[in-house]
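1. Below are the sequence and a predicted model for it; my questions follow.
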Amino acid sequence: RTDAASFPTRPERLTRSKLEQLRNYTAISEFRVLNRRYLIDCPDPNPYLQLNTTSGSGPTLSDDEYVTVNITGVLLPSSGDWVAMISPSHSDVGTCVENAVKYEQTGDFSSLPLLCHYPVKAQYVRNDPDYLSCSKQECKKYVAGECVLTTCGATLSFHVVNIRTDIEFVLFGGGFETPCIFKRSDSVSFDNPNMPLYGHISSPDSTGTSMKLSDSVGWSDEIRFKTAPGGGSDELKFLAYGDMGKAPLDSSAEHYIQPGSISVTKAMADEVSSGKVDSIFHIGDISYATGFLVEWDFFLHQITPLASQVSYMTAIGNHERDYVNSGSVYSTPDSGGECGVPYETYFPMPTQAKDKPWYSIEQGSVHFTVISTEHDWTVNSEQYDWMNKDMATVDRTRTPWLIFTGHRPMYTSSPGNAILPSVDTEFVADVEPLLLANKVDLALFGHVHNYERTCAVYKQECKAMPTKDGNGIDTYDNSNYTAPVHAVIGMAGFTLDGFTQNDNIWSLSRVSEFGYVRVHATKNELSVEFVNADSRNTDDNFQIVRS
């Protein structure tokens, strides 16, 4: 092996035999993995059937609201009836892509023909508990004063955000495998489809405290925000996590759901609103849109209370970049064909150039070296030389703490399997020596969906163990540096991983709960807490000190 191109490919496609396992594990929606069909009308049309929508904002939609879908006139309720939100309403769906391989590369083994008009989100009508029992009855025909024909109804609620195109709701029969159309609603438009939305702060050089976003259609609402303290300042308070994604605020199925993301976002939003957070670091696997662009809208809407208030810095992950024959280290279809383009568009970082998403930034007393584990990191590669030079030239009197971060970890007690290992041993062999040589204090990674902390570790061996301070907190004394402390923090939303190895001597703390880490850095102390998003309690804490 001489470079990343010679790495063996590790296919990660879905297979039918793994369908149930993967659906349960990753929260992939049913309408993503089941057969898709042409949008055809159901036989024997029902003259009584109606599908109407109402919203709190009137005939057009605001940027964030709930739409009520009222279904009436159903002759025979079925557990396979479902309603999809579809956009735009005027798409030409007369022909479908007939190359199934294009879908297989995204992990979709559907049979042809395919459903061209893919749902934005969908709900089974049985989500209304009165539907199958026909508790909401209407009489449609009387004979001699007696009702001889009754129909059933249901009501569903859909959360919608401004996705810049009109939408319609469609009632289907036949479940997700053999769908046919019963009824379409009238189309509904947003009040201002081009409204500037989802402003977020990523520039390390911004010095303002408020902003408005604008384009040709007008101004956004004013946003008040806080900038991070400049490099060399005495302290920094930041939050960090990986693998968050998003989840619906209604009962819908969506393309890809990360069930813990809502509670984590809410917990962090409370911290941000308190004014006690300077910045946020999201270490890979950002939205899990994986080629489904509307998912980026959902994600950006979800993080607005965070990213519009404080600096929101990111690292690229496999679900943003990896794809077959795209130049990524791993020839897997994890990005769904995005190849990093939406990620770089939505989250411009102070990187070297296009598709070179590694960078460094200084905030307060911390120098952050942020790398891409998905781009070539082998010895003498461009990124390898950059990270070595970047860390070697840090002024440790100005920023005494050096934090190294990237998506895929070097240490985990959730190793995966031979086909899908959580740790790439060649990555560790090439890059770990740089961390030791440049005296990295803390290494933060995601990819594995839990929280784990190590001793001061190098090459699987503990070079130093923490001691308890007067408050019982694990304390690493880096006055006499030995090795970095590693922490896996990929527990911000994706379905959690358990721990399958329990005998790793370097593993000191393991928590499989949704949450994030809270870090407070001064010139002499780096204090880290793992915050459980549900309980808001600190489930692990440690500190690194230097005299």
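-> The structure has been received and is ready for your questions.
2. any weak-confidence spans in the stretch 401-547 of the chain?
-> The model of the stretch 401-547 of the chain has no residue with pLDDT under 70.
3. What segments of it are strands?
-> 401-405, 442-445, 451-458, 461-464, 467-468, 474-477, 485-489, 507-511, 515-521, 525-532, 538-545 (DSSP state E, counting those that start in this stretch).
4. Can you show me the CA trace of stretch 385-402 as PDB?
-> The C-alpha trace of stretch 385-402 is given here as PDB (Å, rounded to 0.1, in the frame of the first residue of the first chain):
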ATOM      1  CA  ASP A 385       2.000  17.200   5.400                       C
ATOM      2  CA  TRP A 386      -0.500  20.000   6.200                       C
ATOM      3  CA  MET A 387      -1.700  18.500   9.500                       C
ATOM      4  CA  ASN A 388       1.900  17.900  10.600                       C
ATOM      5  CA  LYS A 389       3.000  21.400   9.800                       C
ATOM      6  CA  ASP A 390      -0.100  22.900  11.300                       C
ATOM      7  CA  MET A 391       0.300  21.200  14.600                       C
ATOM      8  CA  ALA A 392       4.100  21.700  14.700                       C
ATOM      9  CA  THR A 393       3.800  25.400  14.400                       C
ATOM     10  CA  VAL A 394       1.200  26.100  17.100                       C
ATOM     11  CA  ASP A 395       2.300  28.800  19.500                       C
ATOM     12  CA  ARG A 396       1.600  27.000  22.800                       C
ATOM     13  CA  THR A 397       2.000  30.100  24.900                       C
ATOM     14  CA  ARG A 398      -0.800  31.800  22.900                       C
ATOM     15  CA  THR A 399      -3.000  28.700  22.700                       C
ATOM     16  CA  PRO A 400      -1.700  26.200  25.200                       C
ATOM     17  CA  TRP A 401      -4.300  23.500  24.300                       C
ATOM     18  CA  LEU A 402      -4.100  21.500  21.000                       C
END
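5. what about the strand ranked longest in the chain, average pLDDT?
-> If you go by DSSP state E, the chain has its longest strand at strand 146-161. Averaged across strand 146-161, the pLDDT comes to 97.
6. Gly260 is in contact with Ser512, isn't it?
-> No: in this structure, Gly260 is not within contact of Ser512 by CB atoms under 8 Å, at 10.8 Å. (C-beta placed from N, C-alpha, C; glycine too.)
7. From the chain's centroid, how far away is stretch 156-174?
-> 22 Å (CA atoms, centre = their mean, to the nearest Å).
8. err, stretch 423-442, not the other one
-> 26 Å.
9. repeat for stretch 265-283
-> Here stretch 265-283 is found 16 Å from its chain centre; the criterion is CA atoms, centre = their mean.
10. Find the residue at the geometric middle of the protein.
-> Nearest to the geometric centre of the chain sits Gly245, at 1.6 Å (CA atoms, centre = their mean).
11. Excluding chain neighbours, what is closest to it?
-> Gln258 (3.1 Å; CB to CB, 6 or more residues apart in numbering).
12. Go ahead and confirm the one you found touches Lys246.
-> Yes: the pair Gln258 and Lys246 passes the contact test of CB under 8 Å, sitting 6.2 Å apart.
13. tell me, what's touching those two both at once?
-> Residues touching both Gln258 and Lys246 by CB atoms under 8 Å, 6 or more residues apart in numbering: Tyr288, Gly493.
14. which ones are touching Thr151?
-> The contact partners of Thr151, taken as CB under 8 Å, 6+ apart, are Tyr48, Thr72, Gly73, Val74, Leu75, Gln137, Glu138, Lys140.
15. how close does the first one get to His319?
-> By that I understand Tyr48. Distance, Tyr48 to His319, by CB to CB, to the nearest Å: 45 Å.
16. neighbour-wise, which of those two wins?
-> Between Tyr48 and His319, counting by other CB atoms under 10 Å, His319 is the more crowded of the two (26 against 14).
17. Am I right that that one falls within a strand?
-> No: if the criterion is DSSP: H, G, I helix; E, B strand; the rest coil, then His319 is helix and not within a strand.
18. So what's the residue count around Phe172?
-> 26.
19. My error: substitute Ser62 in the last question.
-> 16.
20. And the helices in this structure?
-> 19-26, 30-33, 100-104, 261-273, 294-307, 318-321, 341-346, 382-392, 425-437 (DSSP state H).
21. most packed of these?
-> For these, the largest average neighbour count (mean count of other CB atoms under 10 Å) is found in helix 318-321, namely a mean of 27.
22. so what's Glu382 scoring on pLDDT?
-> The model's pLDDT for Glu382 equals 98.
23. Would you confirm that it contacts Lys356?
-> Yes: taking contacts as CB under 8 Å, Glu382 lies within contact range of Lys356: 7.4 Å.
24. Could you provide the strands of the stretch 401-547 of the chain in JSON lines, with additional columns for distance to Asp376 and mean neighbour count?
-> Below are the strands of the stretch 401-547 of the chain laid out as JSON lines (distance: least, CB to CB, whole Å; neighbours: other CB atoms under 10 Å):
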{"stretch": "strand 401-405", "distance to Asp376": "17", "mean neighbour count": "24"}
{"stretch": "strand 442-445", "distance to Asp376": "18", "mean neighbour count": "26"}
{"stretch": "strand 451-458", "distance to Asp376": "23", "mean neighbour count": "24"}
{"stretch": "strand 461-464", "distance to Asp376": "28", "mean neighbour count": "15"}
{"stretch": "strand 467-468", "distance to Asp376": "40", "mean neighbour count": "10"}
{"stretch": "strand 474-477", "distance to Asp376": "32", "mean neighbour count": "19"}
{"stretch": "strand 485-489", "distance to Asp376": "22", "mean neighbour count": "27"}
{"stretch": "strand 507-511", "distance to Asp376": "29", "mean neighbour count": "18"}
{"stretch": "strand 515-521", "distance to Asp376": "28", "mean neighbour count": "24"}
{"stretch": "strand 525-532", "distance to Asp376": "30", "mean neighbour count": "21"}
{"stretch": "strand 538-545", "distance to Asp376": "31", "mean neighbour count": "18"}
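25. so which of those comes closest to Met268?
-> Nearest to Met268 among the strands of the stretch 401-547 of the chain is strand 515-521 (5.9 Å), distances taken as CB to CB.
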